[in-house]
Each structure stands twice: as C-alpha cells, then as structure tokens.
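In: quick check, what structure comes out for this input:
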Amino acid sequence: MTYADADTLCLRALEESGHHSIVFERKTGEGDALAKRIAFRVFEDDDLKRGADWFAAQGIAAEMVERPFQGPTLRVSDGVGVPLEFCATMDQSENRMRRFHTHAGGKLAFLDHVQVALLSGGPQRPRGERSDLRRCPA
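Out: Numbers count the residues shown, from 1 in each chain. As a prediction, this is how the structure comes out:
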C-alpha cells in the first residue's frame with residue numbers, strides 16, 4: 001500500500017517503483033462495484049499528445065485529466081466503451097523486492113497484464129469487427 005485515506009486505497013506490487021498499479025475508491029450508493037478505468041503507461045509525455053491526435057483523427061473523443069500521484073493523463077473510451085487512461089510520469093516509490101526481511105508469505109511481484117470481459121447487455125462491437133486501436137503509431 002502506498003496511499004490510503006477514507007475513500008482511496010493505492011496499491012502496487014513488490015517489484016514496482018511507480019506510486020500505484022491499482023487504485024480502489026470507496027463505492028457510494030447501490031449497485032454493483034465496477035472498474036472505473038484501466039490505465040497504461042507510455043514512454044514520455046509527448047506520446048500523450050501523439051495519442052490524443054491519433055484518437056481525434058479516428059473520431060474518438062480524448063481529454064487530458066488530473067490524477068493524484070501522476071503526471072498529465074490522457075482519457076479516452078475504446079470502441080466498446082471501456083474507459084482507458086494513459087500517463088507517462090508518476091510519483092516514484094522504493095522498489096521493495098530486495099527488502100527480504102519485510103516479506104512474509106506469498107507476495108505479488110508485479111502486475112503485468114489486464115483482461116477486460118464485457119458483460120452481456122453492455123456495449124458490443126458488431127460480430128467480426130475488430131478494434132483499430134492496435135494501429136496507433138508508436
């Protein structure tokens with residue numbers, strides 16, 4: 001845990017030096033819990049501008065947003081409505097992998113991938129249509 005208050009919990013794994021890999025926010029009201037967004041790191045802040053330009057050229061709305069503990073952040077929604085964010089910089093914390101004396105039991109070393117499952121009744125891509133996000137220039 002790298003941060004906690006009454007409404008927010010920021011976690012990261014042992015090998016990670018970025019401030020957080022996953023953020024939990026207190027849920028208010030009724031209904032199921034949900035993931036508000038999935039975020040990815042890019043190499044440098046200039047990549048955010050290039051990404052915003054690319055999304056705009058595809059007709060996909062993109063905006064810069066403020067997020068605690070990280071630099072400029074680009075927010076978009078993919079073709080089926082999954083909220084995505086991209087940032088290049090983040091506050092850094094100590095990599096705890098070599099602090100063996102603090103380890104007890106199994107520990108998560110790093111988070112390296114995500115999977116997104118769309119529930120029936122949610123936004124759907126027409127059958128056979130593929131996302132063009134894979135063609136975003138590097």
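In: so where's this structure uncertain?
Out: Along the chain, segments meeting pLDDT under 70 span 34-35, 97, 103, 105-138.
In: so which helix or strand takes in the most centrally placed residue in it?
Out: A centroid search over the chain (C-alpha atoms, centre = their mean) returns residue 39, at 1.5 Å, as the residue closest to the centre. Element membership of residue 39, judged by DSSP states H and E, is strand 38-41.
In: go on, residue 56?
Out: Residue 56 belongs to helix 45-57 when assigned by DSSP H and E.
In: so what's the gap between that helix and the chain middle?
Out: Taking the mean of its C-alpha atoms, helix 45-57 sits 17 Å from the chain's own mean (C-alpha atoms, centre = their mean, to the nearest Å).
In: for that helix, which helices and strands make contact with it?
Out: Using 3 or more C-beta pairs under 8 Å, 6 or more residues apart in numbering; DSSP states H and E as the contact test, the elements touching helix 45-57 are strand 62-65, strand 73-77, strand 83-87. C-betas here are computed from N, CA, C, even on glycine.
In: redo those as a markdown table? Include mean neighbour count and distance to residue 101.
Out: Shown next, in a markdown table, are the helices and strands packed on helix 45-57 (neighbours: other C-beta atoms under 10 Å; distance: least, C-beta to C-beta, whole Å):
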| stretch | mean neighbour count | distance to residue 101 |
| --- | --- | --- |
| strand 62-65 | 12 | 39 |
| strand 73-77 | 19 | 35 |
| strand 83-87 | 18 | 32 |
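In: now render the ones you listed as JSON lines, adding distance to residue 32.
Out: Conversion of these to JSON lines gives the following (distance: least, C-beta to C-beta, whole Å):
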{"stretch": "strand 62-65", "distance to residue 32": "24"}
{"stretch": "strand 73-77", "distance to residue 32": "19"}
{"stretch": "strand 83-87", "distance to residue 32": "16"}
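In: out of those strands, nearest to residue 48?
Out: Proximity to residue 48 (C-beta to C-beta) singles out strand 73-77 among those, at 4.6 Å.
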